[in-house]
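Chemist: sequence plus predicted model, see below.
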Amino acid sequence: MMTSEAQRLAYLDALGIDVFSPRADDGAASPETASDVLQRHREIETIDWPELESVVASCTLCGLHCTRTRTVFGVGYRAADWMIIGEAPGAEEDRRGEPFVGRAGKLLDEMLRALGLDRDKVFIANILKCRPPGNRDPAAVEADACRAYLDRQIELVQPRLILAVGRIAAQKLLNSDQTVGRLRGKVHSLGQPAIPVVVTYHPAYLLRSPQQKREAWKDLCLARDAMGVPS
Ligand code: SF4
C-alpha cells in the first residue's frame, strides 16, 4: 500500500508537477567540499571523452545530484564546428538524459536546419548537467561546480563557434550580468585561442514570443558569418 507521501508524489507526478525531494538512493550524499571541487576540477582538465562522460554520470559535486533523475551530458558530433550551449536540463531532459528535447528542442532543431545543420552535426550541451528543481535559475555555486565539465567539453570539441542560447548560458559563458538583449548582435570571444561566441534567445522564450523569431534568425546569420572570423 502506498504511503501518503508516496501518494502525494504519485498524484503530483500524474499532474506533471515536479517535486523537489532527495532521491532515496543517494539522499545520504552531500555536496563535496570546496577543496574536493578544486581537486576534481584539476583532474577534469586532462581527461578524455569516455572518462569525462563517466565522471559526470556519477558526479556529486553540487547538491543537484540529490534531485536529478539522470545527468544530461550533452549530445552530438564531438568534433563539431558549432557548439550550442544552453542553461540546464528541464523536466523532459532530466527524464531522457538529453539536452533540448520537447517543443523547445524541436524549435532548436528547426533553427539549425534553417542553417543547413542537423542536430548530429553540432554538439549540444548545457551550463549545468543536472536539473535545478522547478527549473529555477542555477545557483552560482552549482554553475561554478559544473563549469569544469563544460570547459573540458569545449576543449575537446574545439568548435569554430559557440552559440549561447538564453540569458543564463550567455551570462555564465561570458561572465557578464548584461541582458540577452544587450549581449545579442555582436561577436564575443571565449578562451585562448579565442572562440567566437554569439548570443541568441532560448527556444522556450521564442515559443512564448514568436515575434522574436526574426531576431533569432539574425543571430544565427551573425553566427554563421562569425565562423569566418579568425580565432
Ligand atoms: Fe555535478 Fe554538475 Fe550535476 Fe552539480 S550539476 S552534481 S556539478 S554534474
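Modeler: Perfect, thanks for sending it.

Chemist: show me where the protein has its helices.
Modeler: 4-14, 34-44, 49-57, 91-96, 102-114, 140-157, 167-174, 180-183, 203-208, 213-226 (DSSP state H).

Chemist: and among the ones you listed, the most buried is which?
Modeler: helix 167-174 (a mean of 22; mean count of other C-beta atoms under 10 Å). The C-beta positions use only the backbone N, C-alpha and C, and glycine is treated the same way.

Chemist: which strands and helices lie in contact with it?
Modeler: Here helix 167-174 touches strand 82-86, strand 161-165, helix 180-183, strand 188-190, strand 195-200, going by 3 or more C-beta pairs under 8 Å, 6 or more residues apart in numbering; DSSP states H and E.

Chemist: quick one: contacts of the first one?
Modeler: To tie it back to what came earlier, the one meant is strand 82-86. 99-100, 108, 112, 117, 121-127, 150, 153-154, 157, 159-166, 169, 173, 202, 223 (C-beta atoms under 8 Å, 6 or more residues apart in numbering).

Chemist: and the helices and strands packed on helix 167-174, which is most packed in?
Modeler: Of the helices and strands packed on helix 167-174, strand 161-165 is the most buried (mean count of other C-beta under 10 Å), at a mean of 28.

Chemist: so what are the sheet partners of that one and their directions?
Modeler: Applying DSSP bridges, strand 161-165 is found paired with strand 82-86 (parallel), strand 195-200 (parallel).

Chemist: what about the residue nearest to V141 when sequence neighbours are not counted, how many residues nearby?
Modeler: Spatial nearest neighbour of V141, chain neighbours left out: C62 (6.4 Å); criterion: C-beta to C-beta, 6 or more residues apart in numbering. Per other C-beta atoms under 10 Å, the neighbour tally for C62 reads 22.

Chemist: and C62, what does it touch?
Modeler: By C-beta under 8 Å, 6+ apart, the neighbours of C62 are 31, 130, 141-142, 145-146.

Chemist: quick check: the farthest pair among these?
Modeler: C130 and V141 (13.0 Å; C-beta to C-beta).

Chemist: now do stretch 145-162: distance to the chain's middle.
Modeler: Centroid separation for stretch 145-162 versus its chain: 11 Å, with C-alpha atoms, centre = their mean, to the nearest Å.

Chemist: where does this structure dip in pLDDT?
Modeler: Low-confidence segments of the chain, defined by pLDDT under 70, are located at 1-31, 228-231.

Chemist: tell me the centre residue of it?
Modeler: N126 (1.1 Å; C-alpha atoms, centre = their mean).

Chemist: ok, now which ones touch it?
Modeler: Taking C-beta under 8 Å, 6+ apart as the test, what N126 contacts is 72, 74, 85-89, 99, 150, 169.

Chemist: dump these into JSON lines; add distance to G185 as well.
Modeler: Output for the contacts of N126, formatted as JSON lines (distance: C-beta to C-beta, whole Å):
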{"residue": "V72", "distance to G185": "29"}
{"residue": "G74", "distance to G185": "27"}
{"residue": "I85", "distance to G185": "18"}
{"residue": "G86", "distance to G185": "19"}
{"residue": "E87", "distance to G185": "20"}
{"residue": "A88", "distance to G185": "25"}
{"residue": "P89", "distance to G185": "28"}
{"residue": "P99", "distance to G185": "25"}
{"residue": "L150", "distance to G185": "24"}
{"residue": "A169", "distance to G185": "16"}
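
Chemist: no further questions, thank you.
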